[in-house]
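Chemist: Structure for the following, please:
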Amino acid sequence: MSRALRRRTVLGAGLGAAALVGVGCAGPDTTPVVIATGGPQGVYRRLGDALAGLWATDPGVATGVLASEGSVDNVGMLVSGRARVAFCAADVAVDGAVDGARPRHPLQALARVHDDAIHVVVPAESPVRRLADLAGRRVSVGARNSGVLVIAPRLLATVGLTAERDLRAVMLGLADSVTAMERGEIDAFFWSGGVPTAGVDQLARTRPVRLLDLGEETVRLRSLYPVYDVTTVPAGTYGLADPVSTASVRNVLLVTADMAPALAEALTRVMLEGRETLAAADPAGRVIDPRSAIGTQPVALHPGAVAAYRTSKGL
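Modeler: Coordinates of the predicted model:
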């Protein structure tokens with residue numbers, strides 16, 4: 001197993017390719033608002049595309065979207081200046097601010113967006129029933145610079161496993177994990193995403209799957225990492241016969257503290273006003289509202305975002 005699995009620093013994260021989707025400018029700031037998102041089958045990318053379209057119209061800034069491997073990659077883009085806004089899981093945002101990747105300007109948030117549920121996906125006919133049963137199996141633990149690769153080792157540790165020693169582990173993103181499971185090349189994969197995640201849903205339509213129940217493991221996880229919470233994936237999701245308990249983590253929309261307050265306020269305001277557009281882009285967009293969006297703790301809200309919430313009709 002690569003050293004990347006044992007330690008990741010967001011400063012070394014790889015960069016994706018940007019695709020400009022809007023033109024224009026707001027006041028003197030003509031720097032494009034480029035959004036670091038995720039893979040094509042994930043919630044980050046769907047919501048990022050929708051936000052780019054909204055912001056290109058109002059406040060009329062040039063926008064761009066960066067594909068990425070996930071949260072760690074996204075923080076790297078934000079720190080390096082390649083992106084001005086980034087989707088990020090709260091656990092990675094906290095680590096990125098304090099663990100060897102402190103940017104010149106602190107990380108702050110525009111909003112809490114959807115929460116991710118931690119998926120451990122196995123074929124429906126698999127003998128694997130518990131997390132501990134993954135020992136010796138072929139398991140994807142997430143892409144190299146993803147937030148999945150942060151949470152997977154933490155969860156495995158709750159049952160005394162490490163990916164390097166106890167699994168036949170590979171590092172694949174969601175799309176590659178889905179393909180590998182369809183081909184029978186892996187026995188399980190970790191994923192952190194909104195419910196339902198399109199890629200997992202598409203897999204379940206062609207090959208029945210199950211999610212491992214992580215209720216007990218989440219209790220142990222939270223004793224060490226309070227940033228996580230517990231959630232339930234409802235029965236019927238991905239064809240599941242019963243509800244499944246698992247861990248969850250908040251997602252935040254990150255910027256750096258040097259973003260002009262007027263721009264941060266405008267971006268936040270338009271995001272709140274465009275909730276119907278976000279919900280149409282992905283079901284996770286339905287949960288973005290002023291009362292929940294302010295809950296970015298332990299990441300501080302940008303002062304411009306605070307101003308937007310103070311004038312929001314939803315508060």
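
Chemist: Where does residue 117 sit: helix, strand or coil?
Modeler: strand (DSSP: H, G, I helix; E, B strand; the rest coil).

Chemist: For it, report the pLDDT, please.
Modeler: On pLDDT, residue 117 comes in at 96.

Chemist: From residue 59, how far off is it?
Modeler: Counting by C-beta to C-beta, to the nearest Å, the gap from residue 117 to residue 59 is 33 Å. Heads up, the C-betas are built off the backbone N, CA and C, glycines and all.

Chemist: Between these two, which is the more surrounded one?
Modeler: residue 117 (25 against 20; other C-beta atoms under 10 Å).

Chemist: hang on, isn't the more buried one packed against residue 192?
Modeler: Yes: using C-beta atoms under 8 Å, residue 117 is in contact with residue 192, at 7.5 Å.

Chemist: any weak-confidence spans in this structure?
Modeler: Residue ranges of the chain with pLDDT under 70: 1-29, 96-105, 313-315.

Chemist: Where do the strands of it begin and end?
Modeler: Shown for the chain, the strands assigned by DSSP state E span residues 18-22, 33-36, 63-66, 85-89, 107-123, 138-140, 168-170, 188-193, 209-211, 229-233, 244-256.

Chemist: Which one of these lies nearest to residue 296?
Modeler: Closest approach to residue 296 among the strands of the chain is made by strand 107-123 (3.9 Å; C-beta to C-beta).

Chemist: the inter-axis angle of that closest one versus strand 244-256?
Modeler: 150 degrees (axes from the mean of the first three to the mean of the last three C-alpha atoms, to 10 degrees).

Chemist: quick one: strand 107-123 to chain centroid distance?
Modeler: Using C-alpha atoms, centre = their mean, to the nearest Å, the mean C-alpha position of strand 107-123 is found 5 Å from that of the whole chain.

Chemist: so which of the strands of the chain is the most packed in?
Modeler: Ranked by mean neighbour count, the strands of the chain are led by strand 85-89 with a mean of 29 (mean count of other C-beta atoms under 10 Å).

Chemist: can you pull the contacts of residue 180?
Modeler: Counting by C-beta atoms under 8 Å, 6 or more residues apart in numbering, residue 180 touches 140, 170, 172, 186, 189.

Chemist: same thing but at 7 Å, please
Modeler: Shown in contact with residue 180 (C-beta atoms under 7 Å, 6 or more residues apart in numbering): 140, 172, 186.

Chemist: Next, format these as JSON lines and append distance to residue 274.
Modeler: Output for the contacts of residue 180, formatted as JSON lines (distance: C-beta to C-beta, whole Å):
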{"residue": "140", "distance to residue 274": "34"}
{"residue": "172", "distance to residue 274": "33"}
{"residue": "186", "distance to residue 274": "38"}
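
Chemist: closest to residue 205 among those residues?
Modeler: Using C-beta to C-beta, residue 186 comes nearest to residue 205 of the contacts of residue 180, at 18.6 Å.

Chemist: Identify the residues contacting the closest one.
Modeler: Residue 186 touches 138, 139, 140, 170, 177, 180, counting by C-beta under 7 Å, 6+ apart.

Chemist: starting at the chain centroid, how far to the helix ranked longest in the chain?
Modeler: Criterion DSSP state H: the longest helix present in the chain is helix 43-57. Relative to its parent chain, helix 43-57 has a centroid offset of 15 Å by C-alpha atoms, centre = their mean.

Chemist: ok, now stretch 41-55?
Modeler: Offset of stretch 41-55 from its chain centre (C-alpha atoms, centre = their mean): 12 Å.

Chemist: cool, stretch 206-226 as well?
Modeler: 17 Å.

Chemist: Give the buried residues for that stretch.
Modeler: By 16 or more other C-beta atoms under 10 Å, the buried positions in stretch 206-226 come out as 209, 210, 211, 212, 213, 214, 217, 218, 221.

Chemist: what does stretch 297-309 give?
Modeler: 299, 301, 302, 304, 305, 306, 307, 308, 309.

Chemist: ditto for stretch 48-60
Modeler: 48, 49, 50, 51, 52, 53, 54, 55, 56, 59, 60.

Chemist: quick one: which of these is nearest residue 234?
Modeler: residue 50 (24.2 Å).

Chemist: Name the nearest residue to that closest one, ignoring sequence neighbours.
Modeler: The shortest distance from residue 50 to any non-neighbouring residue, by C-beta to C-beta, 6 or more residues apart in numbering, is to residue 281 (3.7 Å).
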